[in-house]
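Undergrad: Structure, please.
(one chain, ligands or ions: 1)
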Amino acid sequence: MGRVEGKVAFITGAARGQGRSHALRLAQEGADIIAVDFVTPDAHPWMAYRQAEPGQLDETVALVEKTGRRIVARRADVRDRASLLAALDAGLAEFGHVDVVSANAGICPIGSNSWEIPEQQWTDMLATNLTGVWNTTSVCVPPMIEAGRGGSIIITSSGAGTKGVPNLADYCASKFGVIGLMKSLANEVARFTIRVNALTPGTVATDMVLNDGLYRLFRPDLDNPTQEDAAAIFTNMVNAMPVPWVEPVDISNALLFLASDEARYVTGQVFGVDLGSSIK
Ligand SMILES: NC(=O)c1ccc[n+]([C@@H]2O[C@H](COP(=O)([O-])OP(=O)(O)OC[C@H]3O[C@@H](n4cnc5c(N)ncnc54)[C@H](O)[C@@H]3O)[C@@H](O)[C@H]2O)c1
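TA: Numbering: from 1, shown residues only. Sure thing, here's the model as predicted:
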């Protein structure tokens, strides 16, 4: 208990999945939360899965409040810097400062060779996963510097940000891109005792993965692949450890370490939680 006591964390994509788990885990360890999500289920009609429903952000609020910590939740789109700034300002008005940033919101369209990716998909992907992270860090850094309290920025990349994955070229490009942003930013803000690191999760059991589109990508040999069919591929072929995917809290525990003062001299690093998929 108390590993991030007194800190305030700004988290994007916090309505469900890893973002919600990060909010809850940090709150359990003493942080107050500024939670952001665009909660626009049909934002990308061409995708195989929907984005978060408005009620899911309310559920995150209820879960954090149950821990006894405070939370300010706002609807904001990481592609729209003004909406992020408004959410951050609402949090700063309540809490006075921000110490931890989790640039977590992201999307994962699948299924095309790189030369066949529709232009709209490429543009939306980069706008969300790359420009959205840049927007997030860019609104948060100035008040962090001004507060003079140091801080920790954690960017969610992916195992797909460390190696090429066929049919995911746009996603890979965005996830490699945020690692470049992380390393540059880490240099820029080190003198303010602000650390910047990236997480590279392997496969995580969230809506991004547990959907028919992804099952089909990994089981093209089957007409109607199920979750179990896809799990077999992850267990036997993708991961070194014989487990198909990690739970969101496994990523949150790594994020908690990077957010805490236990990691006070860790910056510019790429931190994998991936069942050994990167060594296989
Ligand atoms: N699930 C995995 O296997 C996996 C693996 C590696 C990395 N990641 C990354 O982890 C992060 C979290 O994904 P997740 O697994 O929790 O998936 P998820 O789809 O459950 O959660 C993503 C959240 O981001 C929100 N979001 C999407 N676009 C947004 C936008 N423009 N503005 C604001 N909010 C937006 C969604 O509404 C949703 O709540 C993403 O960056 C993803 O790329 C996921």
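
Undergrad: where do the strands sit along the protein?
TA: Under the criterion DSSP state E, strands of the chain are mapped to 8-12, 32-37, 71-75, 100-103, 151-156, 194-201, 270-273.

Undergrad: So which of those strands is nearest R216?
TA: Closest approach to R216 among these (Cβ to Cβ): strand 194-201, 21.5 Å. C-beta here means a position set from N, CA and C on the backbone, and glycine is covered the same way.

Undergrad: avg pLDDT for the closest one?
TA: Across strand 194-201, pLDDT averages out at 99.

Undergrad: Parallel or antiparallel, list what pairs with that strand.
TA: Partners of strand 194-201 in the sheet, by DSSP bridges, are strand 151-156 (parallel), strand 270-273 (parallel).

Undergrad: Mind checking the pLDDT average for the shortest one?
TA: Strand 270-273 shows a mean pLDDT of 98.

Undergrad: mind listing what the residue nearest the centre of the chain touches?
TA: With distances taken as Cα atoms, centre = their mean, the residue of the chain nearest its centroid is N104 (2.1 Å). With contacts defined as Cβ atoms under 8 Å, 6 or more residues apart in numbering, N104 is in contact with 11-14, 18-19, 22, 156.

Undergrad: want to throw the strands paired with strand 194-201 into a markdown table with mean neighbour count and distance to the ligand?
TA: As requested, the strands paired with strand 194-201 are exported to a markdown table (neighbours: other Cβ atoms under 10 Å; distance: least, Cβ to the nearest ligand atom, whole Å):
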| stretch | mean neighbour count | distance to the ligand |
| --- | --- | --- |
| strand 151-156 | 27 | 4 |
| strand 270-273 | 18 | 9 |
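
Undergrad: Dump the ones you listed to TSV, plus distance to F95.
TA: Formatted as TSV, the strands paired with strand 194-201 follow (distance: least, Cβ to Cβ, whole Å):
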stretch	distance to F95
strand 151-156	13
strand 270-273	26
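
Undergrad: Among the strands of the chain, which comes closest to P109?
TA: Short answer: strand 151-156, nearest of the strands of the chain by Cβ to Cβ, at 16.8 Å.

Undergrad: Which residues of this protein lie near the ligand?
TA: The chain comes close to the ligand at residues 12-13, 15-19, 37-39, 51-52, 77-79, 104-108, 128, 132, 156, 158, 201, 203-204, 206-209, as judged by Cβ under 6 Å from any ligand atom.

Undergrad: follow-up on the earlier one: and the contacts of N104 as TSV, adding pLDDT?
TA: Shown next, in TSV, are the contacts of N104 (pLDDT from 0 to 100):
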residue	pLDDT
I11	99
T12	99
G13	98
A14	98
Q18	98
G19	99
H22	98
T156	99
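
Undergrad: now, the most widely separated pair of those?
TA: For those, the maximum inter-member distance is 11.9 Å, found between A14 and T156 (Cβ to Cβ).

Undergrad: hmm, back to that, I'd like the strands of the chain laid out as JSON lines, including distance to A254.
TA: Output for those, formatted as JSON lines (distance: least, Cβ to Cβ, whole Å):
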{"stretch": "strand 8-12", "distance to A254": "14"}
{"stretch": "strand 32-37", "distance to A254": "18"}
{"stretch": "strand 71-75", "distance to A254": "22"}
{"stretch": "strand 100-103", "distance to A254": "11"}
{"stretch": "strand 151-156", "distance to A254": "9"}
{"stretch": "strand 194-201", "distance to A254": "6"}
{"stretch": "strand 270-273", "distance to A254": "5"}
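
Undergrad: before we move on, back to that, mark which of the residues of the chain next to the ligand are buried, thanks.
TA: 12-13, 15-19, 37-39, 51-52, 77-79, 104-108, 128, 132, 156, 158, 201, 203-204, 206, 208-209 (16 or more other Cβ atoms under 10 Å).
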